[in-house]
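S.K.: Using only what follows, build the 3D model:
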Amino acid sequence: MRPRVVCEARRHGSAEVVVRPAERRPRRVGSPLNVAFLTTEDPLYLPSFFERVLSVRTDGSSVFVVPPLYKNQSTRAATWRYVRTFGLGAALGLAAKVARAKLRKRSVARVCRSYGVLCEPARDVNDPKFLDRLRAMNTELIVSVSCPQIFKKSLIELAPDGCLNVHGAILPAYRGVLPSFWMLANGEKQAGVSIFFVNEEIDAGDLCGQRIFDIRPDESLDSFLQRSKTIAADLLLEVLGAIERGTVERTPLDLSNGSYYSWPDRKAVRRFYAAGRRVW
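M.R.: Okay, here's the model as predicted:
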């Protein structure tokens with residue numbers, strides 16, 4: 001019988017993905033992949049994610065960090081958008097959390113240094129010079145972890161083993177932006193993490209791993225994100241291992257049964273607070 005990737009949530013429930021086999025090039029089964037992680041500089045959640053991943057696998061890993069801004073926004077514009085959306089109190093809470101994290105010198109780069117893993121800044125992941133850098137490193141697999149840039153075809157097709165994205169929702173539901181916020185605002189009882197092979201559509205490639213877990217009734221957005229990132233790191237390690245063993249399998253997402261969300265408006269934020277949720 002052909003094996004299937006089964007993602008067990010252990011203490012957080014479980015999920016099994018019924019899939020079809022992945023097409024892959026011949027490779028020495030079990031050999032470590034050269035994996036390029038594309039991420040952003042977030043001192044709150046990503047250092048712990050990479051701590052969990054790199055504590056298990058350092059061989060062949062490299063990390064590239066892009067600016068934490070969407071659509072070429074200035075820092076001032078991004079800050080003002082956050083204030084308008086979530087309110088001054090939440091914005092001050094964010095500023096305090098970031099300041100504390102920086103005082104503790106929490107960063108993705110510092111985690112990488114502690115494990116001897118290459119970490120470099122990257123301005124534009126679609127820039128031809130950056131693509132040449134990945135090719136020169138014999139990159140076999142690309143993994144996007146909260147990378148705020150849209151990947152173009154030349155990047156998606158660069159690595160022979162594909163390009164993965166880690167998304168904090170039960171795809172195909174909650175595609176798009178800030179799925180953690182939207183799940184809490186909508187009163188969902190369960191959440192999840194999905195890992196899929198990227199194509200040129202947004203959050204729409206073949207699924208290769210998924211984990212479902214319960215949402216706690218007293219959970220803030222902050223504590224939910226911390227827990228979700230831990231679960232995502234464990235799931236990613238399982239998927240990477242399956243790819244290296246040649247046992248990973250894929251299933252197309254049925255987008256007709258999904259949903260897509262953009263940046264929240266004030267009405268959605270009021271619903272979030274009315275549900276008894278808080279940001280911090």
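S.K.: The longest helix anywhere in the chain: how far from the chain's middle?
M.R.: The single longest helix within the chain, with elements called by DSSP state H, is helix 221-245. Distance of helix 221-245 from its chain centroid, counting by CA atoms, centre = their mean, to the nearest Å, is 8 Å.
S.K.: and the helix or strand following that helix, what does it pack onto?
M.R.: Counting by DSSP states H and E, the element after helix 221-245 in chain order, helix or strand, is strand 249-250. Applying 3 or more CB pairs under 8 Å, 6 or more residues apart in numbering; DSSP states H and E, one finds that strand 249-250 makes contact with strand 20-21, strand 207-214. Every C-beta, even on glycine, is put in place using the N, C-alpha and C of the backbone.
S.K.: Flag every buried residue along the longest helix of the chain.
M.R.: By neighbour count on 16 or more other CB atoms under 10 Å, the buried set for helix 221-245 is 221-222, 224-225, 227-236, 238-244.
S.K.: Taking their axis directions, it and strand 207-214 sit at what angle?
M.R.: 150 degrees (axes from the mean of the first three to the mean of the last three CA atoms, to 10 degrees).
S.K.: which residues sit against the helix or strand hosting residue 134?
M.R.: Using DSSP H and E, the element containing residue 134 is helix 128-136. Around helix 128-136, the neighbours that count as contacts under CB atoms under 8 Å, 6 or more residues apart in numbering are 36, 64, 122-124, 142, 154-155, 158-159.
S.K.: mind putting these in a markdown table, pLDDT, secondary structure and distance to residue 260 included?
M.R.: Formatted as a markdown table, the contacts of helix 128-136 follow (pLDDT from 0 to 100; DSSP: H, G, I helix; E, B strand; the rest coil; distance: CB to CB, whole Å):
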| residue | pLDDT | secondary structure | distance to residue 260 |
| --- | --- | --- | --- |
| 36 | 99 | strand | 27 |
| 64 | 99 | strand | 27 |
| 122 | 97 | coil | 27 |
| 123 | 94 | coil | 28 |
| 124 | 96 | coil | 25 |
| 142 | 99 | strand | 23 |
| 154 | 98 | helix | 25 |
| 155 | 98 | helix | 22 |
| 158 | 98 | coil | 26 |
| 159 | 98 | coil | 26 |
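S.K.: how about JSON lines for these, with distance to residue 255 and neighbour count added?
M.R.: Listed next are these as JSON lines, based on distance: CB to CB, whole Å; neighbours: other CB atoms under 10 Å:
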{"residue": "36", "distance to residue 255": "27", "neighbour count": "25"}
{"residue": "64", "distance to residue 255": "29", "neighbour count": "21"}
{"residue": "122", "distance to residue 255": "29", "neighbour count": "22"}
{"residue": "123", "distance to residue 255": "31", "neighbour count": "10"}
{"residue": "124", "distance to residue 255": "28", "neighbour count": "11"}
{"residue": "142", "distance to residue 255": "22", "neighbour count": "25"}
{"residue": "154", "distance to residue 255": "24", "neighbour count": "11"}
{"residue": "155", "distance to residue 255": "22", "neighbour count": "21"}
{"residue": "158", "distance to residue 255": "25", "neighbour count": "19"}
{"residue": "159", "distance to residue 255": "24", "neighbour count": "21"}
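S.K.: Over stretch 182-193, what's the mean pLDDT, rounded is fine.
M.R.: For stretch 182-193, mean pLDDT is 98.
S.K.: chain center to that stretch, what's the gap?
M.R.: 16 Å.
S.K.: Specify the local secondary structure of residue 84.
M.R.: helix (DSSP: H, G, I helix; E, B strand; the rest coil).
S.K.: just to revisit the earlier point, turn the contacts of helix 128-136 into CSV, including distance to residue 198.
M.R.: As requested, the contacts of helix 128-136 are exported to CSV (distance: CB to CB, whole Å):
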residue, distance to residue 198
36, 13
64, 15
122, 17
123, 20
124, 17
142, 8
154, 12
155, 9
158, 11
159, 10
